[in-house]
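Q: sharing a model prediction with you, sequence too.
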Amino acid sequence: MTTTEAPGLTEAAAAAVEAARDHLLGLQSAEGWWKAELETNVTMDAEDLLLRQFLGIRTDAETAAAARWIRSQQRADGTWANFYGGPPDPSTTIEAYVALRLAGDAPDAEHMRKAAAYAREAGGIEGSRVFTRIWLALFGQWSWDDLPVMPPELMFLPSRVPLNVYSWACWARQTIVPLTILGSLRPVRSLPFDLAELRAGRRPARKATGWGRAFNTLDRFLHVYEKRPVAPLRNAALRRAAEWIVARQEADGCWGGIQPPWVYSLMALSLLGYDLDHPVMKRGLAGLDRFTIEDEKGRRLEACQSPVWDTVLAMNALSDAGAPAGDPALLRAARWVVNEEIRGPGDWSVRRPDLPPGGWAFEFDNDLYPDTDDTAEAILALRRSGLPEAREPIDRAVRWMSGMVSKDGGFAAFDADNTQELCTKLPFCDFGAVIDPPSADVTAHVVEALAKEGHAEAPVTKRAVVWLLKAQEADGSWFGRWGANHVYGTGGVVPALIAAGVRPDKPPIRRAVAWLEHHQNPDGGWGEDLRSYDDPAWIGRGTSTPSQTAWALLALLAAGERSPAVEAGVRWLVENQRPDGTWDEDQFTGTGFPGDFYINYHLYRLVFPISALGRYLGRDR
């Protein structure tokens with residue numbers, strides 16, 4: 001690729017990518033992997049303290065360190081948000097407040113008075129989300145009678161019946177199963193204080209229509225059943241739920257590699273008689289230490305860890321920056337990735353029982369839940385690494401990933417055809433995504449991996465390309481399910497379509513290019529605020545960030561652009577690079593649940609700019 005940029009920009013970009021590459025190489029572990037902090041919000045830390053209070057293992061030292069972190073994230077108005085610079089969140093503020101009360105912060109302290117005042121104005125405990133009220137019910141601050149019912153008997157519903165546990169997304173089903181135990185046994189632990197100052201004194205009206213009204217009626221019936229469940233059936237259901245939970249504990253003690261099912265599973269099993277010395281409980285509690293960061297800022301718990309994702313993104317970045325096949329860092333990483341291949345069945349097998357396993361998960365230990373997104377990026381990384389023994393894992397991964405296509409031709413992250421909208425209508429489901437339908441960003445990564453493996457003409461790839469073309473928004477962008485937001489979706493889809501053979505001059509590509517150019521910031525970068533998931537006025541708008549600027553450049557470069565917009569984006573990256581070769585990025589650009597839960601992947605600020613600058617310089621291969 002030839003360059004026709006302004007004098008000096010090519011040299012500056014080369015210096016920037018080399019400094020960034022050196023920084024990235026310095027972060028690689030001796031075993032070959034990369035893993036940076038996965039930052040979320042303070043509910044993780046508040047709930048960790050509440051878990052320890054529930055189990056009777058909370059220590060003063062842990063509490064003080066966690067409180068220090070929670071206080072550091074409070075804003076001047078007394079509130080906490082779900083992402084950097086975001087609007088205040090009532091439920092997050094309530095959970096943070098309760099944690100600080102556990103730490104001994106007085107309710108009449110200024111920072112606590114501000115938090116409580118905001119919570120009351122926002123509807124108080126009465127207006128908080130269901131999950132917050134479950135935590136409060138565990139400690140006698142909310143009535144179990146006033147929570148939606150999810151009975152453990154749902155464990156007996158076969159997989160072909162609506163609202164069985166496999167109707168839910170993998171992260172939701174792992175959370176719901178232990179919650180059915182908690183909701184059935186209705187434990188109450190004591191707190192050394194009351195939370196009257198968080199009550200608004202009124203319950204917000206929750207209007208429901210259609211299926212929502214029908215499920216409200218069902219919930220009233222289930223409340224009646226909860227008062228007198230059929231004892232043999234209830235006991236059998238609790239046993240089935242416990243067996244299901246225990247069977248899904250990972251080698252490192254976690255459940256699904258994520259915080260919500262982990263904490264609820266520990267509490268549920270404790271209620272069923274698993275004492276703290278039981279191997280399952282010991283592994284579970286010990287595993288939390290691996291997810292805990294403690295430094296001068298305080299003690300905080302990662303909601304998840306992303307070593308496979310970080311590693312394959314780092315590998316692809318190094319290849320984009322010119323690292324050749326056989327590079328020692330690539331080979332070391334590739335060997336580690338190959339050893340992380342998942343060779344056994346998992347929950348995905350329920351819908352694809354005849355599909356041979358293969359592929360990769362997000363975490364160190366999550367063998368029951370490989371995902372197509374990590375698998376696609378791993379395929380791309382391994383094929384460029386030059387590791388001879390990667391060929392068979394790649395072939396198995398291509399077979400498994402292709403077999404996970406949904407009926408409509410698109411790809412979701414963890415399951416095929418996990419699209420039952422009924423799940424979203426339940427009164428229980430007022431927070432976070434609970435199903436896993438196909439998305440443009442995941443489908444794009446799969447298409448790109450298949451195309452680079454020589455399968456551009458395969459029926460599964462062609463159907464996925466058609467799915468992507470149909471999913472393009474009217475404005476020319478694509479929605480981003482796992483990253484913020486239309487910049488992420490568009491940044492992933494355009495390179496995939498080009499790899500699959502769509503010509504750069506075709507209307508879908510030109511419309512995407514026009515959308516990106518229209519949404520470039522005056523400073524030359526790109527950014528999209530996470531409020532775009534709730535408010536369309538924010539789509540494509542936000543403070544420029546390194547990762548989002550890189551995503552836009554990756555799309556423009558794939559489309560063959562060597563335009564002023566590209567030059568300005570490259571210049572923004574060059575001028576905003578830190579002396580140590582990386583970039584600052586306080587903004588959260590990762591998405592857990594659109595509209596509810598967001599992530600700051602601390603490696604994004606490094607790997608994606610490396611890829612963009614490397615491709616700009618024509619070093620990618």
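A: Nice, I can see it.
Q: the residue nearest to Asp596 when sequence neighbours are not counted: what secondary structure?
A: Among residues not flanking Asp596 along the chain, Gly432 sits closest, at 4.8 Å (Cβ to Cβ, 6 or more residues apart in numbering). For the C-beta atoms, the positions are set from N, CA and C on the backbone; glycine is no exception. Classification of Gly432 using DSSP: H, G, I helix; E, B strand; the rest coil returns coil.
Q: before we move on, what about Leu450?
A: Secondary structure, three-state DSSP: Leu450 is helix.
Q: so for it, what pLDDT did the model give?
A: Here, the pLDDT recorded for Leu450 equals 98.
Q: what strand or helix carries the residue nearest to it when sequence neighbours are not counted?
A: Among residues not flanking Leu450 along the chain, Thr461 sits closest, at 4.6 Å (Cβ to Cβ, 6+ apart). Element membership of Thr461, judged by DSSP states H and E, is helix 459-471.
Q: what segments of the stretch 151-300 of the chain are strands?
A: Here the stretch 151-300 of the chain has its strands, by DSSP state E, counting those that start in this stretch, at 292-295, 298-301.
Q: return the alpha-carbon coordinates of the helix holding Thr461 using PDB.
A: Provided in PDB are the C-alpha atoms of helix 459-471 (Å, rounded to 0.1, in the frame of the first residue of the first chain):
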ATOM      1  CA  PRO A 459     -22.500 -21.300   2.300                       C
ATOM      2  CA  VAL A 460     -22.200 -20.400   6.000                       C
ATOM      3  CA  THR A 461     -20.000 -17.400   5.100                       C
ATOM      4  CA  LYS A 462     -22.300 -16.200   2.300                       C
ATOM      5  CA  ARG A 463     -25.300 -16.400   4.600                       C
ATOM      6  CA  ALA A 464     -23.500 -14.500   7.300                       C
ATOM      7  CA  VAL A 465     -22.500 -11.800   4.800                       C
ATOM      8  CA  VAL A 466     -26.200 -11.400   3.700                       C
ATOM      9  CA  TRP A 467     -27.100 -11.200   7.400                       C
ATOM     10  CA  LEU A 468     -24.600  -8.400   7.900                       C
ATOM     11  CA  LEU A 469     -25.900  -6.500   4.800                       C
ATOM     12  CA  LYS A 470     -29.400  -6.700   6.100                       C
ATOM     13  CA  ALA A 471     -28.300  -5.600   9.600                       C
END
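Q: give the next helix or strand downstream of it.
A: Reading on from helix 459-471 to the C-terminus, the next helix or strand found by DSSP H and E is helix 486-499.
Q: so what's the residue most central in space within the chain up against?
A: Of all residues in the chain, the one closest to the mean position by Cα atoms, centre = their mean is Gly592, 3.2 Å from it. Applying Cβ atoms under 8 Å, 6 or more residues apart in numbering to Gly592 gives the contacts Thr40, Ala303, Gly432, Tyr598, Ile599.
Q: how about JSON lines for those, with secondary structure and distance to Val566 added?
A: Shown next, in JSON lines, are these (DSSP: H, G, I helix; E, B strand; the rest coil; distance: Cβ to Cβ, whole Å):
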{"residue": "Thr40", "secondary structure": "coil", "distance to Val566": "33"}
{"residue": "Ala303", "secondary structure": "coil", "distance to Val566": "35"}
{"residue": "Gly432", "secondary structure": "coil", "distance to Val566": "37"}
{"residue": "Tyr598", "secondary structure": "strand", "distance to Val566": "28"}
{"residue": "Ile599", "secondary structure": "strand", "distance to Val566": "28"}
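Q: go through the residues you listed and name the one nearest Gly85.
A: Nearest to Gly85 among the contacts of Gly592: Tyr598, at 11.0 Å, using Cβ to Cβ.
Q: let me know whether that closest one touches Ala81 as I believe.
A: No. Taking contacts as Cβ atoms under 8 Å, Tyr598 lies outside contact range of Ala81: 9.5 Å.
Q: residues shared between the contacts of the two?
A: With Cβ under 8 Å, 6+ apart as the test, Tyr598 and Ala81 both reach Asn41.
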